[in-house]
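Novice: just coords:
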């Protein structure tokens, strides 16, 4: 514990990112503790009110409290991004690790499949999947998982190939251990750090794609609070009610910044 605190003191980027991430996580886990009003309560008599003591972030075009929607939107937006990347890391990481270990036909076939996915731009692939399957949370999670699966696959495959060249893998094979035991007992613990690093790198990018899909109307549907959907709803009012777009946008920026700072901090050797 003391070593971790010392590292935080010596690494301002990691310290600031960790504090920001912790605050955002608390808000996302317990939005009811911070939001003063319902995020879906409509009051047309208070539509498009600017930020004030009563409404810290102002109100939107139907009188909903933007602060409450941003707070509750943290759970929705970050939950979708975190869940989709976890699914992508699980499938892509395991398949990449197996391909890197077995090589041969398994590596060739899986590599070609991954190349097909990589041939599509991320946003186009996300739009295509959600457009075909429909706009809901489950399909959005699936779309993001497919978009970033190849990157987890390649990271895990490269790490597995490096580890397979080490003596401990050869020793396990000489002892007669089966492939499954070698992969999951010996190889997996050494590949996980590469997958976690990739997760941190991709989180801000996935957050942008999720917000973009929400802005295009292919993400979370109203009245569920979501940062990307909030930006989409504010597009017609941004010129004379800029607060409707500023605060959901700031939430996206701060969340991305927190993860970027953590990533840079972990890369530092100080």
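Specialist: Done, it's in. Source: prediction; values computed, not measured.

Novice: Can you show me the helices along the stretch 151-270 of the chain?
Specialist: 167-174, 179-181, 188-215, 227-234, 243-267 (DSSP state H, counting those that start in this stretch).

Novice: I meant the stretch 1-150 of the chain, not that one.
Specialist: Secondary structure of the stretch 1-150 of the chain (DSSP H, counting those that start in this stretch): helices at 2-10, 12-29, 66-102, 104-118, 122-133, 137-164.

Novice: Residue 264 is nearest to which of those?
Specialist: Each of the helices of the stretch 1-150 of the chain has some distance to residue 264 by CB to CB; the shortest is helix 12-29, at 4.8 Å. All C-beta spots, glycine's among them, are computed from the backbone N, C-alpha and C.

Novice: could you check the angle helix 188-215 makes with that closest one?
Specialist: Orientation check (axes from the mean of the first three to the mean of the last three CA atoms, to 10 degrees): helix 12-29 against helix 188-215 gives 60 degrees.

Novice: Show me what helix 12-29 is packed up against.
Specialist: Other elements packing on helix 12-29 under the criterion 3 or more CB pairs under 8 Å, 6 or more residues apart in numbering; DSSP states H and E are helix 2-10, helix 66-102, helix 243-267.

Novice: chain center to the longest one, what's the gap?
Specialist: To tie it back to what came earlier, the one meant is helix 66-102. 5 Å (CA atoms, centre = their mean, to the nearest Å).

Novice: Determine the set of other helices and strands touching it.
Specialist: Against helix 66-102 (3+ CB pairs under 8 Å, 6+ apart) you get helix 12-29, helix 104-118, helix 137-164, helix 188-215, helix 227-234, helix 243-267.

Novice: what about residue 39, neighbour count?
Specialist: Neighbourhood size, residue 39 [other CB atoms under 10 Å]: 21.

Novice: what do you get for residue 90?
Specialist: 14.

Novice: thinking again about what came up before, now render the helices of the stretch 151-270 of the chain as a markdown table, adding mean pLDDT, mean neighbour count and distance to residue 147.
Specialist: Formatted as a markdown table, the helices of the stretch 151-270 of the chain follow (pLDDT from 0 to 100; neighbours: other CB atoms under 10 Å; distance: least, CB to CB, whole Å):
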| stretch | mean pLDDT | mean neighbour count | distance to residue 147 |
| --- | --- | --- | --- |
| helix 167-174 | 82 | 13 | 31 |
| helix 179-181 | 82 | 12 | 29 |
| helix 188-215 | 92 | 20 | 7 |
| helix 227-234 | 91 | 25 | 15 |
| helix 243-267 | 92 | 19 | 17 |
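
Novice: To residue 77, which of those lies closest?
Specialist: Closest to residue 77 of the helices of the stretch 151-270 of the chain is helix 227-234 (CB to CB; 4.7 Å).

Novice: can the helices and strands packed on helix 12-29 go into JSON lines with extra columns for distance to residue 207?
Specialist: Listed next are the helices and strands packed on helix 12-29 as JSON lines, based on distance: least, CB to CB, whole Å:
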{"stretch": "helix 2-10", "distance to residue 207": "24"}
{"stretch": "helix 66-102", "distance to residue 207": "5"}
{"stretch": "helix 243-267", "distance to residue 207": "6"}
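
Novice: show me the contacts for residue 40.
Specialist: 64, 223, 224, 225 (CB atoms under 8 Å, 6 or more residues apart in numbering).

Novice: Just the residues contacting stretch 87-100, thanks.
Specialist: With contacts defined as CB under 8 Å, 6+ apart, stretch 87-100 is touched by 106-107, 110-111, 141-142, 144-161, 164, 183, 187-188, 191-192, 195, 198-199.

Novice: Those residues, buried ones only, as a ChimeraX selection?
Specialist: ChimeraX command restricting the contacts of stretch 87-100 to the buried ones, with burial defined by 16 or more other CB atoms under 10 Å:
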select :107,110,141,142,144,145,146,147,148,149,150,151,152,153,154,155,156,157,159,160,161,164,183,187,188,191,195,198,199
